Structures are given as C-alpha cells and as structure tokens.
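Visitor: Please find the sequence and the predicted model below.
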Amino acid sequence: MKEIISVISILLMHFYTNAQFNLQYTNTRQAAASHNMTILDQAADASGNIYIVYSDDPSKILILSKVNVNGSTLWTDTVSVPGFPQVNVITAKVNIGQNKVYVLFPGYGVPSPAGAIIAIYDLNGNYLNGFNASSLNNVWSYGVYGIHEKSNGNILAYYSYGDQFTTNDTMYVKEFSANFSTVWELKYPVSKLTWYCPTLLEANGNYYFTYTNDSIVAGSHYLKSYTRKVDNNGTVMWTNMIENVANRCMKKLPNGDIIIAGNNNPAGSILGNNTGDAKTTRLNDANGDTLWTRSYNGINNEREDVNGLEVDQLNNIYVVGTEDIHDYTPMVNKGYLQKYNSAGQLQFDHKIPSTSSTMGVYLDALSNLNTLSILGSGTIHLKKVLATNGTTIDSLSTTAGYAMGKSATTNNAGDDVFFTYSEGHCGANHLEVLRFCTKAICNNPDEVGDLIDLKAIQVYPNPATEQLLIEIPAIVDSKKNLNVRVFDMLGQLKIVKSFNTTNSASILSIELSTLSSGMYVVQCELDNQLFAFKFVKE
C-alpha cells in the first residue's frame, strides 16, 4: 500500500508573482514626550501571538506585552523581581517556553548591584516567579544574551558580569532546576566581553553559544570569538576559536553544521574607527573545525556589519547587514544581502540602498525556493526579494526618521512576519508592532484563477526506491509546464525534468536510479507556484 504524503503537511512554501505584502495590523504604543521607548527583544508563538519586551528609559521600567493575531494588546506588565526594583534597560531577552514566558535582563538592587535577573510569566500575563541568576554581589551585569527552557523544564541562561571599574568580566552559562538551584555552570574569564552572544538549543538538550573576548593590547582591541558545543549535562564537546571577529548571529544547517557570522569591529567609533569587514564561517558539527570563512569588505575604509542570518533546506546561507556605518547623523548607510552555497561560494550580492542602521532577514516558509523578507530601519522599512538571485519583488517605505527595527517570525499557517520599531536614535516615545502577511494571496485572494490547489497534490512513496510519483489534479488550462528539480542536501542539482500538464488528473514519475541513498529535496514549479519537500532515497 503506497504511502501518500499530503502537500499540506510537507508544504514548505508557495508564492505568486504579484504584490507580496499585506499589512494585517499596527499596534502602537505612545509614551510621554520625555520618555524614550526602546525595543529590546521579541518572540512569536505558533499561534501568531507576539511577545515584546521594551523599556521606558527615564523611569527605569522594563515592560512585557502580548499582542494577539488581530493586533489587540492582551496584556502588559511591568517586569520586576522582588528585591530588584530597578533594571538596566540596555538589553533584555524574551523566550517562549512550555506555556511560560521567560525574560532575562540585567538588574540591580539597592544598595548592592546585582547581575542577571530572570522573571517568569504564564501566557496570560500572570507573574509566576523570578530570581537572580548571578551568584555574586557587588557586580554589574554587562550583558544578558539568551534564555531557554529545556524539555525537562530546566532553564538555561547566558550572561556576563564583572567589576564595573575594571576590564575583568566573566562569561557564564548556567542551568537551573525548577526550584532555581544551579544544576551546573560554565564560566570563562574574558578581558572585556564584547557585544554579542547568540545561542542555540536543540531538542536533545545539546546547545551552542558563541562569545567574544575583547583584549586590549597597547591600546588596540584584539578580538577572539569562541564557539562551543555543550551536551545535555553541561559537558563541553568542542571549542572553536576564530580571531578578529565578533560573531553576532548563529544558525544550524539542516545537515547539522553551524554557521556563525559577525564583523571585526562591532563597536564602530566606540573603538576609535569605523573600519572593519564582515565574516561568515561554517563549523563542522562533529568536531568544531572551521570548514571555511568568507570575508566581505564592500567599501574601502568603511565598516561592514552583520545584522541577520538565515539558512534554508538546501544548506544555502543568507547574510544581511549594513556597510558604510556611521554611529551618528547624518546616516549614509547601505544595506546588503548575500547568499552563499554550502561550500561557501557566493551566489549573489544584492545591494539595498537605504538610510539604514540595522537590517534583519527572514527566509519565508523556511526554504530557499522562493523569497526573503528584509527589515531595514530608516527609509526602507521592508523588502521582499527572490531567494534565488536577490531580485526585489516588492518593498514598503516608512517615514520614520531613525527607526530602530526588530523582527520576529512564526510557524503559524499564515507564516507571517512581525516587525517592531521605535523612532529616534536611542529610542523615542513612539513604538509600533506591525504584522505582515508574506503571501500575495493575502492581497489578491480572487486572482488565483485557474491555478490548481497545491493541497490536492500527492507525492509518494517516501522513502522511495526506483521512482517518485507526483499526482496532480486536473488543470483547466492545459498549456502549462510542471518543472521538477531534485537537489541533494548540499544544494547540488541532481535531476531536472519538465512535464506538459493536461486537463485531466495525471501521475508523473521521476526516475531515481541515478541517485545514491540519502535525503533529497524536490522542488516543483507550476505557473509561478512553487512547493518543495524532503524525501529519502533508499
């Protein structure tokens, strides 16, 4: 009996070539004129709700809010933990766990400073508990970088703290039990912890983190970026060190390898100059070895930065960032989007003219087979480009003078993108959360016409041995071609085939004899509709 896989369950994406954006809602926050509302972090759940954490700087207030799929604010709460009435509003992290919301932020009590604070809420906004993740007093927390809930309910927290009057800091990773006792901790002394520490947690409990040691030698800054893989019990499995880069982003490829990206001058003029290039590196997941590193220096004597990173099902890598950085007005920045294949070969370098200080990227529907949504603060607010070659499909503009933007995404049925921004160099009294549908059908539901229903297509068997069958329904207009491409997990094209469709249902066969055993991705294109799925060749 054949195994039939409905495309509705394996559908990665599809698109139409007309307009791509549809604004679903705008949720606006307005504070007093003297206040600076600064976005710190946000996360979205599978149902399309979004949780944002932001600050009201003059009053030292940290705020957590939930917005539902229709744009209504469900609840808003001032984040605090007993004993720590004030917070450092420079940074905070929010994570959605198992029916809980976790907020990690630097805080301090009176009179003694304290380090990283964890506040825990239920999904209805009720404060459940909170505690100080730090084990020392009289120290300042210079950075909080990540928080996860493990499958067993334990909490992972990533942060640093040290003596505020020296350059001696410590990078900490801790696992806490349900009663907040320390299960284990990792700590690494650093001369001066620099800026970023992206983290990843796998379902099996293994996790990854990367941080930067910023040494000062004879007045010059010397960066060393450390990436570590740690097992479920806190044992370090491998460590990778790369010089002259501060990694800002990290992603895991489908084959398991790790991609990290950053630049070698993360602080710009804070370090006394604005020069620096961006770097993207692939690490072997088995042993942490550096497989390749690619550098980008688009403008001589200017600074290139990395703001966002995505990977697709074919192990392609997308890096988005800015170049020609200046920390203060007038802003003359430019954005860029680059695509590398799994071997590190540059596929395209797409320039994004924009008065932009930060960029963010989201790969629509988590595949390389269609489009990317790009957030740029400044003049260009949102762009959609083809993931195949970087060609711009659509864009939206904002009148914000200096929008400090952030993005979040969900895996809900709409596969929407959320962008949150505030106006002003260091924040403003105006903040907006916007939700966009990423598919043109949201704009033009009546323009589908005679296109087939992709949900009706069936693909089988999986696993496959000699052939793969694609069963499609009748098509009103029979003068269409179905183009099929099969890729291996390195992104290499293995099979290309084209079929003439008919006005009656048909079953198309793809011969697999040339393929070796393993996992593959098949891409099908019909009248500007695309879909893709994985299958195993035995």
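Guide: Everything's here; your move.

Visitor: Nearest spatial neighbour of Val433, chain-adjacent residues omitted?
Guide: Nearest non-adjacent residue to Val433, counting by CB to CB, 6 or more residues apart in numbering: Asn27, 4.2 Å away. Heads up, the C-betas are built off the backbone N, CA and C, glycines and all.

Visitor: The one you found: what secondary structure?
Guide: strand (DSSP: H, G, I helix; E, B strand; the rest coil).

Visitor: Next one: it from Leu201, what distance?
Guide: In this structure, Asn27 and Leu201 are 29 Å apart, going by CB to CB, to the nearest Å.

Visitor: same deal with Ile374?
Guide: Ile374 sits at a distance of 26 Å from Leu201 (criterion: CB to CB).

Visitor: who's more crowded, those two?
Guide: The residue with more neighbours, out of Ile374 and Leu201, is Ile374; 29 against 18, by other CB atoms under 10 Å.

Visitor: is it true that the more buried one touches His350?
Guide: No: applying CB atoms under 8 Å, one finds Ile374 not in contact with His350, separated by 9.2 Å.

Visitor: overlap in contacts of those two?
Guide: Both Ile374 and His350 are in contact with Leu337, Val385, where contact means CB atoms under 8 Å, 6 or more residues apart in numbering.

Visitor: lowest-confidence helix or strand of this structure?
Guide: Using mean pLDDT, DSSP states H and E, helix 7-10 stands out as the lowest-scoring helix or strand of the chain, at a mean of 29.

Visitor: State the pLDDT value of Trp195.
Guide: Listed pLDDT for Trp195 reads 66.

Visitor: And for the one 5 residues further on?
Guide: pLDDT, the model's per-residue confidence, is 93 for Leu200.

Visitor: quick one: what helix or strand has it in it?
Guide: strand 199-201 (DSSP states H and E).

Visitor: which strands and helices sit next to the helix or strand just after that strand?
Guide: Next along the chain after strand 199-201, taking DSSP H and E as the criterion, comes strand 207-217. Judged by 3 or more CB pairs under 8 Å, 6 or more residues apart in numbering; DSSP states H and E, the packing partners of strand 207-217 are strand 140-149, strand 155-162, strand 182-190, strand 199-201, strand 220-230, strand 246-252, strand 258-263.

Visitor: Out of these, which is closest to Leu512?
Guide: For Leu512, the closest of those is strand 246-252, at 27.9 Å, according to CB to CB.

Visitor: Surely Val190 touches Ser225?
Guide: No: the pair Val190 / Ser225 is not scored as a contact, 11.1 Å apart, by CB under 8 Å.

Visitor: Overlap in contacts, those two.
Guide: What both Val190 and Ser225 touch, as defined by CB under 8 Å, 6+ apart, is the set Tyr211, Thr212, Asn213.

Visitor: quick one: which of these is nearest Thr388?
Guide: After measuring the shared contacts of Val190 and Ser225 against Thr388 - CB to CB - the closest member comes out as Thr212, at 33.6 Å.

Visitor: where does the stretch 51-200 of the chain have low pLDDT?
Guide: 58-59, 88-89, 109-114, 136-142, 162-168, 192-195 (pLDDT under 70).

Visitor: Which one of the shared contacts of Val190 and Ser225 sits in the busiest neighbourhood?
Guide: Tyr211 (26 neighbours).

Visitor: count of neighbours near the closest residue to it other than its chain neighbours?
Guide: Spatial nearest neighbour of Tyr211, excluding adjacent residues (CB to CB, 6+ apart): Cys197 at 4.4 Å. Using other CB under 10 Å, Cys197 is surrounded by 24 other residues.

Visitor: wait, what's in contact with the residue nearest to Val433?
Guide: Counting by CB under 8 Å, 6+ apart, Asn27 touches Val67, Gly71, Ser72, Thr73, Glu432, Val433, Leu434.

Visitor: repeat that with 10 Å
Guide: Neighbouring residues of Asn27 by CB atoms under 10 Å, 6 or more residues apart in numbering: 50, 52, 65, 67-68, 70-73, 418, 420, 431-435.

Visitor: Show the buried residues in these.
Guide: Among those, those scoring as buried are Ile50, Ile52, Ser65, Val67, Gly71, Phe418, Thr420, Leu431, Glu432, Val433, Leu434, Arg435 (criterion: 16 or more other CB atoms under 10 Å).

Visitor: now, which of the residues you listed sits nearest Leu104?
Guide: Ile52 (14.7 Å).

Visitor: Tell me the helix or strand right after the strand or helix carrying that closest one.
Guide: Element membership of Ile52, judged by DSSP H and E, is strand 50-56. Downstream of strand 50-56, the first helix or strand assigned by DSSP H and E is strand 61-67.

Visitor: Okay, angle between that next one and strand 50-56 too, please.
Guide: Using axes from the mean of the first three to the mean of the last three CA atoms, to 10 degrees, the inter-axis angle of strand 61-67 relative to strand 50-56 is 160 degrees.

Visitor: circling back: can you tell me the strand partners of the strand holding Leu200 and which way each runs?
Guide: strand 207-217 (antiparallel) (DSSP bridges).

Visitor: CA atoms only for the strand it pairs with - export them in PDB, please.
Guide: This file holds the C-alpha atoms of strand 207-217, laid out as PDB (Å, rounded to 0.1, in the frame of the first residue of the first chain):
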ATOM      1  CA  TYR A 207      23.300  23.600  22.800                       C
ATOM      2  CA  TYR A 208      25.700  26.100  21.200                       C
ATOM      3  CA  PHE A 209      26.900  29.500  22.100                       C
ATOM      4  CA  THR A 210      29.500  32.000  20.800                       C
ATOM      5  CA  TYR A 211      31.000  34.900  22.600                       C
ATOM      6  CA  THR A 212      33.900  37.300  22.100                       C
ATOM      7  CA  ASN A 213      36.900  38.100  24.200                       C
ATOM      8  CA  ASP A 214      38.000  41.700  23.500                       C
ATOM      9  CA  SER A 215      41.500  42.100  24.700                       C
ATOM     10  CA  ILE A 216      43.200  45.500  24.800                       C
ATOM     11  CA  VAL A 217      46.900  45.300  23.900                       C
END
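
Visitor: May I see the buried residues of that strand?
Guide: Tyr207, Tyr208, Phe209, Thr210, Tyr211, Thr212, Asn213, Asp214.

Visitor: out of Val190 and Ser225, which sits in the busier spot?
Guide: Ser225 (25 against 21).

Visitor: what helix or strand does the closest residue to Pro463 other than its chain neighbours sit in?
Guide: In space, and not counting its chain neighbours, Pro463 is closest to Val536: 4.1 Å by CB to CB, 6+ apart. Secondary structure assignment for Val536, by DSSP H and E: strand 529-537.
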